[in-house]
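Novice: Whatever this is, show me its structure:
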Amino acid sequence: MTLGEADACGSSAKIVVGIGNPGPEYEATRHNVGWWVLDRFAYDHGLGPFERRGRAWEARGEAGGANVRLLKPRTYVNRTGQALGGLWLDRGFQAERDLLVVADDANLAVGRVRLRPGGGAGGHKGLKSVSGALGTQDYARLRIGVGERPSGVDLADWVLSAMPAEDEDVVVDLLPELSRAVGEWAKSGPAAAMNQFNR
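Specialist: Numbering: from 1, shown residues only. Next up is the predicted model:
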């Protein structure tokens, strides 16, 4: 079964991609908050454990009446799109309906949340890679503020560093809400999730 292939009931699965880097040295960095959200969602809905499939770790199951597949690419942030394989060719898959990408955002203050049905990469190389692989920017993305990069600090250094404890606490405290946002997207689509969870 390939990434976007329809399930036995004929409906396409909802695919949630968390952007992040593999390896313990990256677990606590700003760039990996997308993985934090997927871990929380998997925990809340009993979808774990994540298993290695192709170029990603994957967990799957049902959440809120929707078939959901969670993907944590193992290709590093800049090559996230490579982990999606032939997603856009799979039977029944429509990126604008079936894909949500969860990513950090160094243009947003810590704790700000932006869920949108499409748009540009905003300087995020992981989103740029996904858009390049799919050939479209029309897919939902959930951006989590990790603090705006200070003047004079290299962006790569900023997103690959750990947050101060007080900022990390803000994001960790948000994880239950972010998990609910993913669930609402899977159940009702981006508009409903945006109305409830953007802040």
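
Novice: show me where this protein has strands.
Specialist: Using DSSP state E, the strands assigned to the chain run over residues 14-18, 51-53, 56-63, 66-73, 99-105, 113-116, 140-145.

Novice: Now the residue sitting furthest away from the middle of the chain: phi and psi?
Specialist: Distance from the C-alpha centroid of the chain peaks at residue 152, with 28.0 Å (CA atoms, centre = their mean). Per-residue torsions, residue 152: phi 90, psi 0 (degrees, to the nearest 10).

Novice: Against residue 158, how distant is it?
Specialist: Between residue 152 and residue 158 the computed distance is 11 Å (CB to CB, to the nearest Å). C-betas here are computed from N, CA, C, even on glycine.

Novice: could I get the strands of the chain as a markdown table with mean neighbour count and mean pLDDT?
Specialist: Formatted as a markdown table, these follow (neighbours: other CB atoms under 10 Å; pLDDT from 0 to 100):
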| stretch | mean neighbour count | mean pLDDT |
| --- | --- | --- |
| strand 14-18 | 26 | 95 |
| strand 51-53 | 12 | 93 |
| strand 56-63 | 19 | 94 |
| strand 66-73 | 23 | 94 |
| strand 99-105 | 26 | 96 |
| strand 113-116 | 20 | 94 |
| strand 140-145 | 26 | 96 |
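
Novice: Put together CSV for the ones you listed, with distance to residue 191 on each row.
Specialist: Listed next are the strands of the chain as CSV, based on distance: least, CB to CB, whole Å:
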stretch, distance to residue 191
strand 14-18, 15
strand 51-53, 31
strand 56-63, 19
strand 66-73, 16
strand 99-105, 13
strand 113-116, 9
strand 140-145, 10
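
Novice: Test my guess that residue 49 contacts residue 59.
Specialist: Yes: the pair formed by residue 49 and residue 59 meets the contact definition of CB atoms under 8 Å, at 6.7 Å.

Novice: Which neighbours do these two have in common?
Specialist: residue 42 (CB atoms under 8 Å, 6 or more residues apart in numbering).

Novice: Summarise which helices and strands the longest helix anywhere in the chain is packed against.
Specialist: As assigned by DSSP state H, the longest helix anywhere in the chain is helix 165-188. If you count contacts as 3 or more CB pairs under 8 Å, 6 or more residues apart in numbering; DSSP states H and E, helix 165-188 packs onto strand 14-18, helix 33-45, strand 66-73, strand 99-105, strand 113-116, strand 140-145, helix 190-197.

Novice: Show me which residues of that helix are buried.
Specialist: 167-168, 170-171, 174-175, 178-186 (16 or more other CB atoms under 10 Å).
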